[in-house]
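**Student:** Have a look at this prediction, sequence included:
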Amino acid sequence: MNTPLPAPIDHAARYHQHLLACGFQPKPASAWDARAAQSSWKRRHDDYSDAFLARLDLGSVATVLDVGCGPGLLSLPIARQVGHVHALDYSSGMLEGLRTAIEENDVDNITPWALSWSDDWQAVPRCDLAIASRSLMVPDLEAALRKLDAHARQRACITFATGPRAGVPELADLLGRDWLPMPDHRYPINMLLDMGRDPQVDYLPESVRDVAQDADGLVRQAVELFGALDADEEARVRAWHARSPQHRFGMAPTRRWAFIQWATGR
Ligand SMILES: C[S@@+](CC[C@H](N)C(=O)[O-])C[C@H]1O[C@@H](n2cnc3c(N)ncnc32)[C@H](O)[C@@H]1O
């Protein structure tokens, strides 16, 4: 008897299950508003944006859609090279930062859109290229990829995390806490293949953030990740910080990102 083919893998269902296992809660826009207060497109500038832009071919591109644009780290430099950028984000704080950058830089070819991944994008023009940089931690990844694809006449491009931020697994070990890594770039790659696309995958070099992190900051981050720490746990985190400065969040490489692009064929 012949061995039957294995059943097809439902990557969207597995992604959903993975999110549930990690206890993923989608961030409300207000969580990003708070982050926006600390970041501006200039201050956040690091080697991530250089690496991203170096891989982005804008040759035959007149219009770009930037989904989850934040304060414009990518929208601003892209706008210098193309006719128009439509920059979309659901966080009013992030869009405020973008508007400030637009004014300060005297830019007249970026249109901000206050919309989320799950809103109706009918009013947003389809563009030659659609990008989503570090903005795809959403409950329905497959729907988001399809939406991006449908809004791109020529190509689409995303970045997706390949693994946790530096230091997180070590910290979990140190605290003896359970910790499950979030879904990584394998999910969107497989979903795109299932959509009949040919994803091209590259990896951005690990970028180093230019902000120093002190022991208090590391304790705060540990609490954000793992919940309240008792006195002994806090002491262990402080001792670890003192012992292993190269593993401090902030000083360490943040995360390795996969850069995934594909032709949309429209
Ligand atoms: C890490 S920032 C990335 C900003 C910019 N794309 C970059 O790479 O510098 C993530 C951005 O995605 C936006 N975002 C997250 N979830 C979103 C959603 N469901 N709809 C629209 N924007 C979202 C956030 O407001 C934030 O500005």
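**Tutor:** Noted; the coordinates are in hand.
**Student:** Only C-alpha atoms from now on, for both contacts and neighbour counts.
**Tutor:** OK.
**Student:** got the contact list for the one residue in the stretch 151-266 of the chain that gets nearest to the ligand?
**Tutor:** Across the stretch 151-266 of the chain, the shortest distance to the ligand (CA to the nearest ligand atom) belongs to T159, at 8.2 Å. When contacts are counted by CA atoms under 8 Å, 6 or more residues apart in numbering, T159 touches A132, S133, R134, S135, W257, A258, F259, I260.
**Student:** Kindly report the same for R155.
**Tutor:** Contact analysis of R155 by CA under 8 Å, 6+ apart lists D128, L129, A130, D149, Q261, W262, A263, T264, G265.
**Student:** Show me which of these are buried.
**Tutor:** D128, L129, A130, D149, Q261, W262, A263, T264 (16 or more other CA atoms under 10 Å).
**Student:** Following the helix or strand where the residue of the stretch 151-266 of the chain closest to the ligand lies in sequence, what is the next regular element?
**Tutor:** Using DSSP states H and E, T159 sits within strand 152-161. Counting by DSSP H and E, the next helix or strand C-terminal to strand 152-161 is helix 168-175.
**Student:** hang on, the earlier thing: residues of the strand holding T159 that come out buried?
**Tutor:** A152, R153, Q154, R155, A156, C157, I158, T159, F160, A161.
**Student:** Tell me the strands beside it, with direction?
**Tutor:** Strand 152-161 has its sheet partners listed here by DSSP bridges as strand 127-133 (parallel), strand 257-263 (antiparallel).
**Student:** contacting residues for D140?
**Tutor:** By CA under 8 Å, 6+ apart, D140 lies in contact with A12, H16.
**Student:** Kindly present the contacts of T159 as CSV, with separate columns for pLDDT and neighbour count.
**Tutor:** Listed next are the contacts of T159 as CSV, based on pLDDT from 0 to 100; neighbours: other CA atoms under 10 Å:
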residue, pLDDT, neighbour count
A132, 98, 21
S133, 97, 21
R134, 95, 17
S135, 97, 17
W257, 93, 24
A258, 97, 23
F259, 98, 24
I260, 98, 24
